[in-house]
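Q: Build me a model:
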Amino acid sequence: MVSGSCGVGPKTADVWLAMVARRPTMPVDTHIHRLARRWRLAPSEEYEDVTAALKELIRPRSRFLGHLVLIEFGRDICHARRPACDRCPVYDLCDAEDRRPRQ
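A: Next comes the predicted model:
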């Protein structure tokens, strides 16, 4: 991971490594972080813990696509304030505290 003296944080480094260098990193943006928290996938809220937990769940060759799919899911369905639970394909598996009842 690149960080420290060059002024690049872990998220920026992971995004660059994944998108440009096609390395099997697992960048965690706001949407992915929210999903990981709601689905209780990581032991803490720290970036390193979330990315490590997701790396355990998503095999290296699937991380690039997994990253993109999770971002899209967080943007389109599992919104921060009003998740679209009525359209959620994993509703029956979700045990998020802020899950909304289906209509």
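Q: Low-confidence bits of the chain, can you list those?
A: In the predicted model, the chain carries pLDDT under 70 at residues 1-6.
Q: Select the longest helix from it.
A: Longest helix in the chain, counting residues (DSSP state H): helix 63-76.
Q: buried ones in that helix?
A: 63, 64, 66, 67, 70, 71, 73, 74 (16 or more other CB atoms under 10 Å). All C-beta atoms are positioned from the backbone trio N, CA, C, and that covers glycine.
Q: Quick check: the fifth one vs residue 62, distance?
A: Put plainly, it is residue 70. 11 Å (CB to CB, to the nearest Å).
Q: Nearest the geometric middle of this structure, what residue?
A: Centroid check for the chain by CA atoms, centre = their mean gives residue 32 as the closest residue, at 2.2 Å.
Q: Could I get the full set of strands for the protein?
A: Under the criterion DSSP state E, the chain carries no strands.
Q: excluding its backbone neighbours, what's nearest residue 23?
A: Sequence neighbours aside, residue 17 is the residue nearest to residue 23 in space, at 4.1 Å (criterion: CB to CB, 6 or more residues apart in numbering).
Q: Is it correct that the one you found is in contact with residue 10?
A: No: assessed by CB atoms under 8 Å, residue 17 is found out of contact with residue 10, at 10.2 Å.
Q: Which residues are in contact with residue 96?
A: 38, 39, 83 (CB atoms under 8 Å, 6 or more residues apart in numbering).
Q: top of these by neighbour count?
A: residue 83 (20 neighbours; other CB atoms under 10 Å).
Q: residues near the residue lying closest to it once chain neighbours are set aside, how many?
A: If the residues on either side of it in the chain are set aside, residue 83 comes closest to residue 100, at 6.1 Å by CB to CB, 6+ apart. If you count neighbours by other CB under 10 Å, residue 100 ends up with 13.
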